[in-house]
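Visitor: Next input, structure requested:
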Amino acid sequence: MNFRLILFPFAIIYALITEVRNFLYDKGILKSYQFDIPVISVGNLNVGGSGKTPQIEYLIRLLQKDFKIAVISRGYKRLTKGFIEADENATPEIIGDEPYQIYCKFKNVIVAVGENRVNAIHQVLKKHTPDVILLDDAFQHRRIKPGLQILLTPYKHLFYKDRILPVGNLRELRKNVRRADMVIVSKIPDNFDKTNENVIRQNIKKYTCKPVFFSKINYAEYITNGKNQLSIKDLTGFKILLVTGIANPSPLYAFLSKKNINFEGLKFSDHHRFTANDIKHIEKKFAGLTSTKKLILTTEKDFVKLSPNIKADFLYYLPIQTEIINRMEFNKKVIDYVKSKK
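Guide: You can find the predicted model right below:
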């Protein structure tokens, strides 16, 4: 018997709470705020990694040439509270690992964090004049009514196959996918075919008739640490300690295995805050690798947290990017929305 089924009574209570909350927002009893500026939300129904940050970065790359962008996040697992705009003093501890990653990569983008994202938008608009605001992980943040709501559902954890917490991993009932303006099935595998696509489309259509897109994660053919760069094909002679603090590292494991990379995995929880003992453990593991050619490889999100503590040339990360399969149609819908609000 699945242990989580024992928790079914709690799932009913949780569902009632979330549905009452949604009802109050739907009827206007609880107030939702709209803004004159284009606001695009990226979120999901399930807990865990669905590729929200790579999707935010995709939108930045799509829009940054023609529009000034502000990214607003809650700043999950940061050590601070309240509104903070990223500046030269920012760290993962101050603004969170993912906002810090975006801040480091896109210097022309305004990055801010705040639990109260209505206030965060007001604070940003007081100081700046962005053309568009991107909200990270905001599908359940009903106090803001975005102009474009993008919902991600990962291929291996499709929302229509899942159940509500704590029996499953859904934050709210499946039917609420109807709030989305478009759905992206993220992290599709390399062997994804038209048959799979049609089946998924038909199942999603039971809940919403909004456009459905598909995306995959593309891993770079190199690793980097900002100073040095190594080709993936040149890593076959290395022994690698792979350190991950993400929700689902299995696709990364599969990619490296497919490339015949010799690695030993060291897993931490998603958004893990690395302690001094963790660093010692990582360094001890690395020292124990029996090879003259060895390095520590991690994700970009974890690199920004590890690099201040492991100041060495042997620490690298593997860059990734989201690829929208039917990107021309997707890009047009996003750009048309932003231009329509100008």
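Visitor: Please count neighbours and contacts with C-alpha atoms only from this point.
Guide: Noted.
Visitor: so where do the helices sit in the stretch 151-300 of the chain?
Guide: Remark: helices assigned in the stretch 151-300 of the chain by DSSP state H, counting those that start in this stretch are 194-205, 250-258, 276-287, 300-306.
Visitor: Please go through this structure and pick out the longest helix.
Guide: When the chain is parsed with DSSP state H, its longest helix is helix 8-26.
Visitor: list the buried ones in that one?
Guide: Residues of helix 8-26 classed as buried: F8, A11, Y14, A15, N22 (neighbour count, 16 or more other Cα atoms under 10 Å).
Visitor: Need the worst-confidence member of these.
Guide: Among the buried residues of helix 8-26, F8 carries the lowest pLDDT, at 86.
Visitor: From the opening residue of stretch 149-169 to its closing one, how far?
Guide: Stretch 149-169 has its terminal residues 21 Å apart, counting by Cα to Cα, to the nearest Å.
Visitor: in the stretch 51-200 of the chain, which spans are strands?
Guide: Here the stretch 51-200 of the chain has its strands, by DSSP state E, counting those that start in this stretch, at 69-73, 84-85, 110-113, 132-136, 148-154, 182-186.
Visitor: Describe which strands the fourth one pairs with in its sheet and in which direction.
Guide: Okay, so that is strand 132-136. strand 39-44 (parallel), strand 69-73 (parallel) (DSSP bridges).
Visitor: I'd like those as CSV, with distance to D131 appended.
Guide: Putting those into CSV (distance: least, Cα to Cα, whole Å) gives the following:
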stretch, distance to D131
strand 39-44, 9
strand 69-73, 6
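Visitor: which one of these lies closest to L151?
Guide: L151 lies closest to strand 39-44 among these, at 5.1 Å (Cα to Cα).
Visitor: Not counting that closest one itself, show me its contacts.
Guide: Applying Cα atoms under 8 Å, 6 or more residues apart in numbering, the contact partners of strand 39-44 are 50, 52, 55-56, 132-140, 146-153.
Visitor: same deal with stretch 127-146?
Guide: Contact with stretch 127-146 is made by 22, 25, 30-35, 37-45, 52-53, 56, 67-74, 117-118, 149, 151, 338, 342, as judged by Cα under 8 Å, 6+ apart.
Visitor: swap in stretch 59-71?
Guide: 108-112, 124, 129-136, 331, 335.
Visitor: do stretch 291-303 as well
Guide: 97-98, 101, 237-245, 286, 314-319.
Visitor: What subset of the residues you listed is buried?
Guide: Buried subset of the contacts of stretch 291-303 (neighbour count, 16+ other Cα under 10 Å): 97-98, 101, 239-245, 286, 315-319.
Visitor: out of the buried residues of helix 8-26, what pair is the most spread apart?
Guide: The span of the buried residues of helix 8-26, defined through Cα to Cα, is set by F8 and N22 at 20.8 Å.
Visitor: so what are the domain limits for this protein?
Guide: What automatic domain parsing lists as the domains of the chain is 3-67+131-217+323-340, 221-318.
Visitor: Turn these into a markdown table, including distance to F83.
Guide: Output for the domains of the chain, formatted as a markdown table (distance: least, Cα to Cα, whole Å):
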| stretch | distance to F83 |
| --- | --- |
| domain 3-67+131-217+323-340 | 14 |
| domain 221-318 | 20 |
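Visitor: Which of the ones you listed sits closest to R78?
Guide: Ranking these by proximity to R78 (Cα to Cα) places domain 221-318 first, at 9.0 Å.
Visitor: Just the buried positions in stretch 54-73, please.
Guide: 54-60, 63, 67-73.
Visitor: and of those, the nearest to K280?
Guide: P54 (29.8 Å).
Visitor: OK, contacts around the closest one?
Guide: Per Cα under 8 Å, 6+ apart, neighbours of P54: I320, Q321, T322.
Visitor: ok, 10 Å please
Guide: By Cα atoms under 10 Å, 6 or more residues apart in numbering, the contact list for P54 reads I60, E98, I102, I217, I320, Q321, T322, E323.
Visitor: Against V113, how distant is it?
Guide: Relative to V113, P54 is positioned 17 Å away (Cα to Cα).
Visitor: Identify the bridge partners of the closest residue to R201 other than its chain neighbours.
Guide: Nearest residue to R201, sequence neighbours excluded (Cα to Cα, 6 or more residues apart in numbering): V212, at 7.0 Å. On the basis of DSSP bridges, V212 is bridged to V183.
Visitor: thought V212 was touching R327?
Guide: No. Applying Cα atoms under 10 Å, one finds V212 not in contact with R327, separated by 11.4 Å.
Visitor: between the two, who's got more neighbours?
Guide: Under the criterion of other Cα atoms under 10 Å, the comparison of V212 against R327 puts V212 first, with 20 against 13.
Visitor: need the contact list for the closest residue to K210 other than its chain neighbours.
Guide: Distance criterion Cα to Cα, 6+ apart; nearest residue to K210, sequence neighbours excluded, is M182 at 5.4 Å. Counting by Cα under 10 Å, 6+ apart, M182 touches 148-152, 208-213, 330, 333.
Visitor: which among those residues gets closest to P249?
Guide: Using Cα to Cα, those come closest to P249 at L152, 17.8 Å.
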